[in-house]
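Undergrad: structural data only, the sequence is not supplied:
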């Protein structure tokens, strides 16, 4: 069983500081939803508002249509997994998992049976009597998830639970978390500053900046069609050009820069009077020996960064600014060597002109 979570014009003030500003979103029952943003953007405050550790200054938090104002954390249909997991080192694994049931008065037999059932779910069937110190980092993560599921929450809240893991294990646990969420059908609300985690696991992502929810969409939409400069810059890499919109028609723009006039798609709420920038992702750029018909600037290769399945080629333009081109790792087509003069070329359909976002916390 799961419930939807509705945030209606939610604000949270700490004195004169507004940590969350008019957040309005409905997270569907059974959805894996991630709040993505840099440190201090308000995403953990939102988690605390949902879990009941604080009530909003303005607006309402509803779970399953019920206003949660004044309802204590232990009386809400939620379970929270902290960043540090907060497992009990002196208890065996099964007692860690069933601790919440013990608080609720369940018998030892009932608790043991439930713990065994959840250990099967998280693929730790032979770990019931182990100590926490005997587990790997990934196994501890699974125990924390099983403990949260033991009390049968309708909403699972996860506060950057993978941040302490190494890259390989973090990638493995992404898949594990997603699989567990699908098997249980519980609503997952995930907090992270890691765009890879958010894009890989989520049904939808909400990108936040300085307390403001900038965009809510499916991962593909967030990456390919950001609504403003902050989202474009935070989610993935970009080559950014300063300039001015000189012409606009049918969703397309002419954008005048110090390097010439480029063609691009027109982002939301942009016109000739807008303060805007042009964004194009490195994987949509190419290096060619000669200039293209449009959207082309002369560059000199400065550095090559080998990343395994792809190669980042860093270049310097005529004004000394660094540009990046991302190439597939193909031995039959090696990247140009540092010092090579070339032209960075990109298609107008792959470039977008976006407004910089207003992120005032008070509004």
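TA: Done, it's in. The structure displayed is predicted, hence computed values, not measured ones.
Undergrad: show me where the stretch 101-250 of the chain has helices.
TA: For the stretch 101-250 of the chain, the helices defined by DSSP state H, counting those that start in this stretch occupy 108-121, 137-150, 167-184, 195-201, 219-224, 229-234.
Undergrad: wait, which of the ones you listed is closest to residue 306?
TA: Nearest of the helices of the stretch 101-250 of the chain to residue 306, taken as CB to CB: helix 167-184 at 16.3 Å. Quick note: C-beta positions are derived from backbone N, CA and C, even for glycine.
Undergrad: any idea how far the closest one is from the chain center?
TA: Centroid separation for helix 167-184 versus its chain: 15 Å, with CA atoms, centre = their mean, to the nearest Å.
Undergrad: quick one, it and helix 137-150 angle?
TA: Direction vectors for helix 167-184 and helix 137-150, defined by axes from the mean of the first three to the mean of the last three CA atoms, to 10 degrees, enclose an angle of 20 degrees.
Undergrad: so which bits of helix 167-184 are buried?
TA: 169-170, 173-174, 176-178, 180-181, 184 (16 or more other CB atoms under 10 Å).
Undergrad: so for residue 305, which of the helices of the stretch 101-250 of the chain sits nearest?
TA: Closest to residue 305 of the helices of the stretch 101-250 of the chain, according to CB to CB: helix 167-184, at 16.4 Å.
Undergrad: and the closest one, what does it pack against?
TA: Secondary-structure packing of helix 167-184 (3 or more CB pairs under 8 Å, 6 or more residues apart in numbering; DSSP states H and E): helix 108-121, helix 137-150, strand 187-192, helix 195-201.
Undergrad: residues in contact with it?
TA: With contacts defined as CB atoms under 8 Å, 6 or more residues apart in numbering, helix 167-184 is touched by 32, 121-123, 136-138, 141-142, 145, 149, 156, 158, 162, 165, 188, 190, 196-197, 200-201.
Undergrad: and that helix with strand 187-192, angle?
TA: Going by the same axes, to 10 degrees, helix 167-184 makes 160 degrees with strand 187-192.
Undergrad: not counting sequence-adjacent ones, nearest residue to residue 253?
TA: Sequence neighbours aside, residue 266 is the residue nearest to residue 253 in space, at 4.5 Å (criterion: CB to CB, 6 or more residues apart in numbering).
Undergrad: and what of residue 39?
TA: According to CB to CB, 6+ apart, the nearest residue to residue 39 is residue 193 (6.3 Å).
Undergrad: go on, residue 128?
TA: residue 94 (4.1 Å).
Undergrad: need the residues that contact the strand or helix carrying that neighbour.
TA: Using DSSP states H and E, residue 94 maps to helix 93-97. With contacts defined as CB under 8 Å, 6+ apart, helix 93-97 is touched by 87-88, 102, 111-112, 114-116, 118-119, 124, 127-132, 135, 143, 146-147, 150.
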